[in-house]
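Novice: Show me the folded form of this:
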Amino acid sequence: MIRDLVTRAGLVLAGALAATVAFAGPAAAHGADAPDGTNYRTEVSAVAPTRAGLSVRVIEAGARLELTNTGGSPVEVLGYSGEPYLRVGPDGVYENTRSPATYLNRTIAGDTRLPAEADPAAAPDWRRVDDSATVRWHDQRVLWRESAPPPQVRAAPDREHRVREWTVPLRAGTEAGQIRGTLDWVPPPDAYVWWVVTTVGLLAVGALGLLPARSGPGTRALAGLGGLLVLGGVAAVVFTVGRELDAGARGVGGVLVGLLGGQVWALLTGLGAVAAGVFALARRPAADFALALAGSCLALFAGVANAAVFARAVAPVPWPAATARTLVALILVAGAGATAAGALRLHAARPSPHPSSPPPAPPSSADGQAACRPGPAGDGGRVVP
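Specialist: Prediction:
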C-alpha cells in the first residue's frame, strides 16, 4: 500500500512539473518576465503635466511602468528617439508598429530583433492592443541593464547609492510632458542567515516525525504538523496574491485572472496545503501521506520558486521585503518539514516483513550418542545408526 501511495505521489509531482514547463512557455512569450527580486529600487517622483485621470506607478519590482489615463483626451509615451511609441486614451491602448521601442520593450533585456518596418523617423502606424485605459511596459530608461553594478556600487556595495535620475517623455496633444523618477541601489540582505534559520526550522519540524504515531506525543505532533501546514499554505496564497498585486492587478477579478494565468501552481499548492493540514488535524486515515505530498509540493512550487527574495533587497510584492522573506521562510519550513515528518511516519508504519522459517534444531545429546555408538566388533567398528 505504501509503495502504491509513493508511486501516485511521484506521478502527481511529475505531472505538475510537466504542466509547469508547458505553461511557462506562453507566459514568457507574452512578456511575463517579472523578476523574483532585485537590488535596484525604481520609483516615480512626478508626472507632468498634472491631469485628472492620469497616473503612473512602478510595478513588478521595478521591471515595468504602468500608465493609466481615464481622461477625455489621449496621452502619448515617446520612444527612445523621441518618436510616438504608445497612445493611451478613452478609445483604448495603441502601439506604434514603426517605433523601435515597441519591439525592444517586449522583454526586460531589450534584446528583441527589430523588424524592417521599425523606423523612428517614419509616420506612426497605430495598432490597437487593448480596450482599457491602462498600459504596462518595460522601459530601458528606468532600468540598470549592465551585468556589473555601477562604479559607486562596486566601491561600496554595503551602502545605498543613487544610480541616476530618469525621465520618460510624454505628449498630450501639443503639450510636452514627462515622467520623472529615480533608480537606487539597495544593499541586499544576508541570505546565509535566512537559509540557516529556515534549515534549522524545517529540521525541527521534520523531527516530529520520529515520535511514535500511536502515542500521545505522536498524536499531538500530527495535529501540530497539520496546523503548521495550514499556516504555510495561507502564507503561499498571500505571497502569490501579493505578486499579482505588484504586477498591476486591480480588484478581485484582476487578481483572479492573473493568478489563473501565471501563478496557478503556486496558488493550487497553497490551497492544497491548507486542505492537507485540515485533513491531518482531523486525524483522517492517510493523513501522513497527505502531509508528505502537500508539503513537498508547497516547498517546491511556492517556496523554492520564490527563494530568491532571501538575497534581494526589493521583493516583487507590495510590502516590505522583510515581510516577503518571512513568508517564504514559513512556506519552506512548513512544506519541507511536513514532507520529512510525513515520510518518517510512513516509514515507521510499514508492516514488518514475515519472519523466515526457523533453522532446524540441532540433534539432542541422546541422538548424538546413539549416532556415535560403535557397532559390534564383527562389524568392523562401523557406527550403528
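Novice: Against residue 79, how distant is residue 171?
Specialist: The gap separating residue 171 from residue 79 is 11 Å, by C-beta to C-beta, to the nearest Å. The way it works is simple: take the backbone N, C-alpha and C, and place the C-beta from them, glycine included.
Novice: Which of these two has more residues huddled nearby?
Specialist: Neighbour totals were compared for residue 171 and residue 79, and residue 79 leads with 23 against 17 (other C-beta atoms under 10 Å).
Novice: any idea of the pLDDT on the more buried one?
Specialist: On the pLDDT scale, residue 79 is placed at 97.
Novice: for the one 10 residues further on, same thing?
Specialist: According to the prediction, residue 89 has pLDDT 93.
Novice: need the contact list for it.
Specialist: 69, 71, 73, 74, 75, 133 (C-beta atoms under 8 Å, 6 or more residues apart in numbering).
Novice: Help me confirm that residue 239 is found in a helix?
Specialist: Yes. Assigned with DSSP: H, G, I helix; E, B strand; the rest coil, residue 239 falls within a helix.
Novice: List the residues that contact it.
Specialist: Residue 239 sits in contact with 266, 302, 306, 317, 324, 327, 328, 331, where contact means C-beta under 8 Å, 6+ apart.
Novice: residue nearest the centroid of the chain?
Specialist: Centroid-nearest residue in the chain, with C-alpha atoms, centre = their mean: residue 305, separated by 3.1 Å.
Novice: What about the closest residue in space to that residue that isn't next to it in sequence, how many residues nearby?
Specialist: Spatial nearest neighbour of residue 305, chain neighbours left out: residue 266 (6.7 Å); criterion: C-beta to C-beta, 6 or more residues apart in numbering. Neighbour count of residue 266, defined by other C-beta under 10 Å: 25.
Novice: give me the element residue 266 is part of.
Specialist: Assigned by DSSP states H and E, residue 266 belongs to helix 264-281.
Novice: Quick check: next helix or strand after that helix?
Specialist: Counting by DSSP H and E, what follows helix 264-281 is helix 287-297.
Novice: by contact count, what packs against that following helix?
Specialist: In terms of contacts (3 or more C-beta pairs under 8 Å, 6 or more residues apart in numbering; DSSP states H and E), helix 287-297 is packed against helix 2-29, helix 216-246, helix 264-281, helix 321-348.
Novice: weakest of these by average pLDDT?
Specialist: Minimum mean pLDDT among those: helix 2-29, a mean of 40.
Novice: How about the contacts made by the spatially closest residue to residue 317 that is not a sequence neighbour?
Specialist: Take residue 317 and drop its neighbours on the chain: the residue closest to it by C-beta to C-beta, 6+ apart is residue 242, 3.6 Å away. By C-beta under 8 Å, 6+ apart, the contact list for residue 242 reads 316, 317, 318, 319, 324.
Novice: Filter those down to the ones in helices?
Specialist: Per DSSP state H, helices hold the following members of the contacts of residue 242: residue 324.
Novice: between the contacts of residue 242, which has the most around it?
Specialist: Most neighbours among the contacts of residue 242, by other C-beta under 10 Å: residue 316, with 27 neighbours.
Novice: Just say helix, strand or coil for the closest residue in space to that residue that isn't next to it in sequence.
Specialist: Take residue 316 and drop its neighbours on the chain: the residue closest to it by C-beta to C-beta, 6+ apart is residue 61, 4.2 Å away. Here residue 61 is recorded as helix under three-state DSSP.
Novice: neighbours of residue 61, just the number please.
Specialist: By other C-beta under 10 Å, neighbour count at residue 61 equals 25.
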